[in-house]
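# coordinates only, no sequence provided:
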């Protein structure tokens, strides 16, 4: 076709080639929604977030620091399922123009009274291959071609932001033994003191997450899978870990009077303001949220990302569906969020599981006040569970609801989905997976230790505990974790896995 | 048909000032509104391009969904997902045949689970693709009522309201999308939105954000092409050319970028290269707007017979589209105004205006009225087209000619000069005509 068209050739073509081809021609492309893209899944979050690993929240942990019991350790993980990069694949990064927030609610309003905010900037070019020029012995090594710096701020309503750490270097993604022979040294260098007492580590670690997919699937659908399966062994996560004095968290700085704090992590991406007169100050949109990690993963009705779905070969989630929407929800509006309340209280799994175990007692009918209490108010006899009939809550244990805080206004309490931690619960000498169900009040749902398994607790509550104990033996022989040996001091996580 | 076409065109050939069509269709329409399309998938990652790219393999997704449906024919969600895959594929390949398949899958999905949002969004997307914007609005609003926090609803609404000329509603839909899902789908639409508001620098910023998030070649190419269009519309053909080149390097199948590169070649005086690109793109993807641009470029070179042939192809295609239930009276109207029967153009565009009050339709109707000798009426519509902050050179040219016909010389001079200042190359036929008209105003 490089020759000039003669008047005759195209004329001949008009009714044949070109017009025939035009039978296949659409109108000038008029876009639809960009909704295509759901892909493989596993323990993680919503389908859209999976495609944006930087803000794909993995897990949230909160516990009394075992060797420094006047402090609390908070850990948020992102970028689950990262294979060890070994300096070959692109490093696991934190998002720039992104707020990573740890939100603390001491009054039970769903609004943070305190937020720890990480923001990152890049130094050097992000590149697909070849992260290192040579061996890296320190964070400032010129052999590290790409690094990220972060600033950590403490935000309190009506107070000026307080910078805790400015422009510090985050520990890089681990490269192999040749590139980073001593990752522990890098991690020590990246573990910084925080003014007012405390420490922060920002970087990479082995993913401590574990669960038993059989329990997960029973919770979701009531189906029993043939084999235990924990998908995350050998993978790394990006981590923001913070150890702070309990006094810094508690309402009025008094953990004795006000022992309970609620915690959830959010990530917000910078977006744009196109409204007339908009622009100017940056606008942020919340794109990720995690409190009780399992809520979105196991209870969102259209989240296909389950082990069973993987076994069936279905890689599909619903882009834009409830699991995606969860990530954008404001905790302060949870109490009025019908979609969320339905998610948490209308379970499919227990009824189906009972059907295969007809000899055991039937679980409570929906809506499930006990699940509402566990996830939305915290456990206390004083909590109110306004779902179904009446407003009283079924679990009477005084454990971890902000209604227990003496200085909190009980009338201002608003149910919202948070990870709730009682700062005064002593460190348990013998941690148990079942937490309060097994006589270990320090375990999940009272915060979450690295050795806790929320799925295990939730499935047992879903099947009727603590009132109905007949199902408990079925959940006794599950996998336990974490898959890697923890370290004895902050940030407790294992060094990232490496391949070489 | 051939005889009639050629006769009409023969009549037209006597008018030297022919046609604002190339500029409107290729310049303004493609860049501004009509091809609002980046199907902008969920935000891919900076750090994980490989995984994201795999996730964007639409044919593979279609296959996976079809395989799943063979085993699970009652899965309403996956039927809808299959349809969305078809629609994305239609968008990328301009293959009309996907529409029918998409519609079938969507109906199946809705019959299995009435009112499911994924299928409602699919129906809205399909209606937008067929330029039935009122239907798209209905589907989109139904979806919004069901799940107001579902971000996939808002591209449908933003596109429909933009095309219906309901600009404040379009702005609100784009903002909601930006607040729910800052990513390629949102940033590219923000680009259009800001451009229409006349905030061109901010529009460029939005497209750069989109480009940063675009990990898939087709998306990158889309963003680069759009950035090129912003340069083009501001009279920077070299920069525009570089962007189109970059887009084609990212995705050699990016037909919009290829058509755009043709016009940039032409503006830069590289006639043979322009002809080659036009020939390639019209043979590969003979979208009416590409064929028209090719025809008008041939026309501007004095190759009238070859131009006429392209116009014939265009007519045949538009008829074919109409046969498929996908009307495009805007394009047809503009074409008739410049190369056919302006009275037909007025009829078509008046009908279109009764359906949607978009600035594009206002501009086209104004031009058709003017071409029919009804310049006084035309002036009102031209003023309506200028209500937005958006000032494409072609609009200014049309308005300038209308003012000139009405004897308002100062206004005509100002507008014609503005058109040429905005983009001296805005159309191979109209830019010279504007220059001539400007020189002729005493």
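Sure, I can see it. Nothing here was measured: the structure is a model prediction, and the numbers come from that model.
# quick check, pLDDT for residue B:90.
In this prediction, residue B:90 carries a pLDDT score of 82.
# looks like it contacts residue B:130 (just checking).
No. Using C-beta atoms under 8 Å, residue B:90 is not in contact with residue B:130; the gap is 10.3 Å. For the C-beta atoms, the positions are set from N, CA and C on the backbone; glycine is no exception.
# settle it for me: which of the two has more neighbours?
Counted by other C-beta atoms under 10 Å in any protein chain shown, residue B:90 and residue B:130 do not tie: residue B:90 has more neighbours, with 26 against 22.
# shouldn't that one be within a strand?
No. Residue B:90: not assigned to a strand; according to DSSP: H, G, I helix; E, B strand; the rest coil it is helix.
# which neighbours do residue B:90 and residue B:130 share?
residue B:99 (C-beta atoms under 8 Å, 6 or more residues apart in numbering or on different chains).
# grab the nearest non-local neighbour of residue A:207.
Using C-beta to C-beta, 6 or more residues apart in numbering or on different chains and skipping the chain neighbours, the partner closest in space to residue A:207 is residue A:237 (4.4 Å).
# same check on residue A:264?
Among residues not flanking residue A:264 along the chain, residue A:291 sits closest, at 3.8 Å (C-beta to C-beta, 6+ apart).
# try residue B:267
residue B:425 is the one closest to residue B:267 (C-beta to C-beta, 6+ apart), at 3.6 Å.
# and the strands in chain A?
A:57-64, A:71-82, A:98-105, A:114-123, A:147-155, A:162-169, A:191-193, A:199-206, A:236-245, A:260-271, A:283-290, A:419-422 (DSSP state E).
# worst average pLDDT in these?
Ranked by mean pLDDT, those bottom out at strand A:71-82, which scores a mean of 90.
# look up how far residue B:116 lies from residue B:65.
Using C-beta to C-beta, to the nearest Å, one gets 15 Å for the distance from residue B:65 to residue B:116.
# comparing the two, which residue is more hemmed in?
Shown here are residue B:65 and residue B:116; by other C-beta under 10 Å, residue B:65 has more neighbours (26 against 23).
# am I right that that one is in a helix?
Yes. Counting by three-state DSSP, residue B:65 is located in a helix.
# which one is it nearest to, not counting chain neighbours?
residue B:82 (4.2 Å).
# where does the one you found fall, secondary structure wise?
helix B:76-93 (DSSP states H and E).
# next, the buried residues of the next helix-or-strand element following that helix.
Using DSSP H and E, the next helix or strand after helix B:76-93 towards the C-terminus is helix B:97-112. Along helix B:97-112, these residues count as buried under the neighbour rule (16 or more other C-beta atoms under 10 Å in any protein chain shown): B:97-99, B:101-103, B:105-106, B:108-110, B:112.
# of those, closest to residue A:197?
residue B:109 (56.9 Å; C-beta to C-beta).
# flag every residue of the stretch 251-400 of chain A that's near chain B.
A:269-276, A:279, A:283, A:285, A:287, A:302, A:313-316, A:318-322, A:324-325, A:328-329, A:339 (C-beta under 8 Å from any C-beta of the partner chain).
# thinking again about what came up before, correct me if wrong: the residue nearest to residue B:65 contacts residue B:105.
Yes. With contacts counted by C-beta under 8 Å, residue B:82 reaches residue B:105, the gap being 4.8 Å.
# hmm, back to that, most tightly surrounded among the strands of chain A?
By mean neighbour count, with neighbours taken as mean count of other C-beta atoms under 10 Å in any protein chain shown, strand A:419-422 ranks first of the strands of chain A at a mean of 27.
# what is that strand packed up against?
Using 3 or more C-beta pairs under 8 Å, 6 or more residues apart in numbering or on different chains; DSSP states H and E, the elements in contact with strand A:419-422 are strand A:57-64, strand A:260-271.
# right, and these - which one's nearest residue B:290?
strand A:260-271 (33.8 Å).
# just checking: what are the partner strands of the closest one?
According to DSSP bridges, strand A:260-271 has the following sheet partners: strand A:98-105 (antiparallel), strand A:283-290 (antiparallel), strand A:419-422 (antiparallel).
# tabulate those strands in TSV, adding columns for distance to residue A:262.
Supplementary listing: the strands paired with strand A:260-271 in TSV, determined by distance: least, C-beta to C-beta, whole Å:
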stretch	distance to residue A:262
strand A:98-105	4
strand A:283-290	13
strand A:419-422	5
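# got the contact list for stretch A:412-421?
Contact with stretch A:412-421 is made by A:60, A:62-63, A:72, A:105, A:107-110, A:260-264, A:291-292, A:295, A:331-332, A:334-335, A:340, A:344, A:372, A:375-378, A:383-386, A:400-403, A:445-448, as judged by C-beta under 8 Å, 6+ apart.
# buried only: go through the residues you listed for me.
Burial by neighbour count, judged by 16+ other C-beta under 10 Å, picks out A:60, A:62-63, A:72, A:105, A:107-110, A:260-264, A:291-292, A:295, A:331, A:334-335, A:340, A:344, A:372, A:375-378, A:383-385, A:400-403, A:445-448 from those.
# what about residue 411, how many residues close to it?
With no chain named, the answer covers chain A. By other C-beta under 10 Å, the residues close to residue A:411 number 5.
# actually, chain B is the one I wanted.
Residue B:411 has 16 neighbouring residues, counting by other C-beta under 10 Å.
# doesn't it belong to a helix?
Yes. With three-state DSSP as the criterion, residue B:411 is assigned to a helix.
# which ones are touching residue A:488?
residue A:67.
# redo that, cut-off 10 Å
The contact partners of residue A:488, by C-beta atoms under 10 Å, 6 or more residues apart in numbering or on different chains, come to A:66-67.
# and the residue nearest to residue A:264, how far is that from chain B?
18 Å (C-beta to the nearest C-beta, to the nearest Å).
# out of the strands paired with strand A:260-271, nearest to residue B:218?
Between residue B:218 and these, the shortest separation by C-beta to C-beta is 23.0 Å, and it involves strand A:283-290.
# angle of that closest one against strand A:71-82?
90 degrees (axes from the mean of the first three to the mean of the last three C-alpha atoms, to 10 degrees).
# would you map the helices across chain A?
A:8-13, A:19-22, A:47-50, A:183-190, A:213-221, A:246-249, A:294, A:307-311, A:322-326, A:338-345, A:349-355, A:369-372, A:454-462 (DSSP state H).
# okay, those helices, which one's buried deepest?
helix A:47-50 (a mean of 29).
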